[in-house]
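[1] no FASTA, just this:
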């Protein structure tokens, strides 16, 4: 097995035990990038010498943490002090912010190696699409907006990557690329130094090739109050099957994946119970959109004034109120969402995890879209932790994940459940 | 009258009409800083040549906006691309972030001159106090955390300054220094590039020496949907007199200021009606503190890991959960606050403005405290616009402001009312 094929957890153990160097691991990742990224186009920027230099420094010192020596890719709207942060925007072409985002500063302090910057939808919001392609089928989108992060992890270019989610920008691309993705509880990780879009919703997320790897990064980033406890068996788990009001808009691939997951979990001794959301959730996706777009007016005003020619019209439309979101609509949406957060927490508290679609179906066969977030917006609005687990293949042979959701601050418990579910589904 | 003694509005008009240059205005401000700032210590950093260079560039071009050529001071936890941003923290001594915060980028695009960086409580949150002293009495605090911004405006070193408010960090120092301060509706101005403390509460605020100057900056920063309309008369205004549950904790100076303001407004033909907050507001300050401190755990984790020796223990306490704020307490506080926001909007909608104390009293005679935020926390939690208007003098001869509050997104209307109230109170 090549070092880049190892999970982060396995690689970190090998590094600690002297069986692997960070340099060899990083070199193995860089080799894959050289082989594949001209086609996949996951990365917006890689500085091989800089990455190898970091790795050698890590190899020369005692381990700082469980992430010591592990390469991590960073979505290119998250600031890095030693690499450009270009946001897939002409405004920031070649821009070097000179300061790490909080999440990057944490990873560096823990001994991780920042491997490179991954392509993104412009400002992780709208405008220009990334050049990234789905490694499972280069004609297909990898999803977005954390497109490069998902493709890089899926294609064994890096074991871990940071993304963000405001609508569905972590869970969707992870599902389309057949890997694990996590969006934690809102504000469990500081968003400082990532480009804001909608402050009420913006969340740092991440991708990996196992639940243990998601947990490795979650613990490093400070999620939760204790260590995670991987559960080994699905027997006895209480699963809430939540089709959501968007169920009929899902393709058969995604509906079948969720229903089959529910069925095999039940057959293995889990309790699966339908969770019907209250009527107030029918409008939740629409309310999410009002908040996201309404807050986008604030987020892009500076660029609107400073770079009127270079700013994409999608952002000008937000700043100029062309989306017609009045302050009253924004407040009503924000308040209605806020009222429903404890309602969902209460519902979710009756289960070990809520099982729900991650995506409408397979990755669309197009590079002109990154797909729909209809199975993500409600959970982003609720501020709750979400994990996508790869499970099925669709009609075109592409991956389709399912999603596990918990109550706010239930991140660590959800990781434990996801470990058992993922292990079981991998053999089901 | 020296240029620095003009309001920003008057100076901007003089610049537009060719009666004043930005260079002369900036030089006049710099002269005052040279004369006074060794004692007042409002500024953490000034680069006179850089400021004059900006001013000369503005003088060489057509006006970009109503703020063209006007010097603005910036609180030193808001990033500036050409000046250090030091946060009053040894971690950031001499640090140059290389990128403007969104609010600074807006001001530059509008032609304002960034005059310098003003001293602050460490990270605008806790830890080290600023060196700034109250220009009305150098033995007294100017208030905080936007200490330098308030002192600089009050002492005629600059006509406008940016601050922030998470608890009471704009309104309190403005009141203590006898000037006007505004905290707008939460997220009306992007907080990007200012150091986060509590994302649910952090708000960019500003100080000036007139309501029209507050409005000048408000319009530049994109507050509201239309132009402000200054009201000229207090006759017919509907004023809600809100003593708040903290009334008995105010000193006689502050209570007297609010009651006298109410009395003279009523005598001039305003309708003044007592506004008693519902019982749910008794705990609002405490809930605000839970959210602020609980979210502080997230905000400082990166510095905690990266700079364990340089980070003040106040911040370590937050990250290490020594304040005992569990996720459940944080959520309950956040949810309870969210439920009350529309409740207050509804109450405030019955008035043109809510009149309430800005501060407990005069500035304490100490440089070891910046005073209490007990008359600010509830409004910060409610996300509502607040304006402090200088009015009275306390027993020690120091300024005591009163505060006007409106419903969320009522910023522009509140400015119009504050203009009439301030004009009237100045002669009452």
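    On my side now, so go ahead. The model shown is predicted, which means the values in this text are computed figures rather than measured ones.

[2] which element is residue A:115 on?
    strand A:113-118 (DSSP states H and E).

[3] Can you list the strands that that strand pairs with?
    strand A:43-46 (antiparallel), strand A:71-75 (parallel) (DSSP bridges).

[4] List the contacts of the longest one.
    So that's strand A:71-75. A:22, A:25-26, A:29, A:42-43, A:51, A:55, A:80, A:83, A:104, A:107, A:112-118, A:120, A:124, A:146, A:148-149, A:152-153, A:157-164, A:194, A:217 (Cβ atoms under 8 Å, 6 or more residues apart in numbering or on different chains). Just so you know, the C-beta spots here come from the backbone N, C-alpha and C atoms, and that holds for glycine as well.

[5] Helices - which of those residues land there?
    Of these, the ones assigned to helices by DSSP state H are A:22, A:25-26, A:29, A:51, A:55, A:104, A:107, A:148-149, A:152-153, A:217.

[6] can you tell me how far the residue nearest to the spatial centre of chain A sits from chain B?
    Chain A has residue A:170 as the residue nearest its centroid, 2.4 Å off, counting by Cα atoms, centre = their mean. Using Cβ to the nearest Cβ, to the nearest Å, we find residue A:170 at a distance of 18 Å from chain B.

[7] Name the nearest residue to that residue, ignoring sequence neighbours.
    The shortest distance from residue A:170 to any non-neighbouring residue, by Cβ to Cβ, 6 or more residues apart in numbering or on different chains, is to residue A:205 (3.1 Å).

[8] Kindly report the same for residue A:404.
    Residue A:404's closest residue in space is residue A:353 (Cβ to Cβ, 6+ apart), at 4.3 Å.

[9] hmm, back to that, how many residues are close by the residue nearest to residue A:170?
    For residue A:205, the count of nearby residues is 29 (other Cβ atoms under 10 Å in any protein chain shown).

[10] Direction included, what does whichever strand or helix holds it pair against?
    Secondary structure assignment for residue A:205, by DSSP H and E: strand A:203-208. According to DSSP bridges, strand A:203-208 forms sheet pairs with strand A:160-165 (antiparallel), strand A:180-183 (antiparallel).

[11] what mean pLDDT would you report for that strand?
    The average pLDDT for strand A:203-208 rounds to 98.

[12] cool, stretch A:33-42 as well?
    The average pLDDT for stretch A:33-42 rounds to 98.

[13] which residues touch whichever residue of chain A sits closest to chain B?
    Per Cβ to the nearest Cβ, residue A:98 is where chain A lies closest to chain B, at 3.0 Å. Counting by Cβ under 8 Å, 6+ apart, residue A:98 touches A:81, B:96, B:97, B:98, B:99.

[14] what helix or strand does the nearest residue to it once chain neighbours are set aside sit in?
    Sequence neighbours aside, residue B:98 is the residue nearest to residue A:98 in space, at 3.0 Å (criterion: Cβ to Cβ, 6+ apart). Following DSSP H and E, one finds residue B:98 outside all helices and strands.

[15] Around chain B, pick out the residues from the stretch 201-350 of chain A.
    A:221-222, A:225, A:295, A:298-299, A:301-303, A:305-306, A:319, A:321, A:326-328, A:330-331, A:335, A:338-339, A:341-342, A:345 (Cβ under 8 Å from any Cβ of the partner chain).

[16] Swap in 6 Å and give it another go.
    Taking Cβ under 6 Å from any Cβ of the partner chain as the contact definition, the stretch 201-350 of chain A meets chain B at A:222, A:298, A:299, A:301, A:302, A:305, A:306, A:327, A:331, A:335, A:338, A:342.

[17] what's the farthest-apart pair in the ones in helices among the contacts of strand A:71-75?
    Farthest pair in the ones in helices among the contacts of strand A:71-75 (Cβ to Cβ) is A:22 and A:148. Separation: 21.9 Å.

[18] Tell me which of those two has more neighbours.
    Neighbour totals were compared for residue A:22 and residue A:148, and residue A:148 leads with 33 against 27 (other Cβ under 10 Å).

[19] if we can go back for a sec, quick one: which of the ones in helices among the contacts of strand A:71-75 is most hemmed in?
    Taking other Cβ under 10 Å as the neighbour criterion, residue A:149 ranks highest of the ones in helices among the contacts of strand A:71-75 with 40 neighbours.

[20] Which residue is the nearest non-sequential neighbour of it?
    The shortest distance from residue A:149 to any non-neighbouring residue, by Cβ to Cβ, 6+ apart, is to residue A:161 (3.6 Å).

[21] Pretty sure the one you found sits against residue A:207.
    Yes: at 4.9 Å, residue A:161 counts as touching residue A:207 under the criterion of Cβ atoms under 6 Å.
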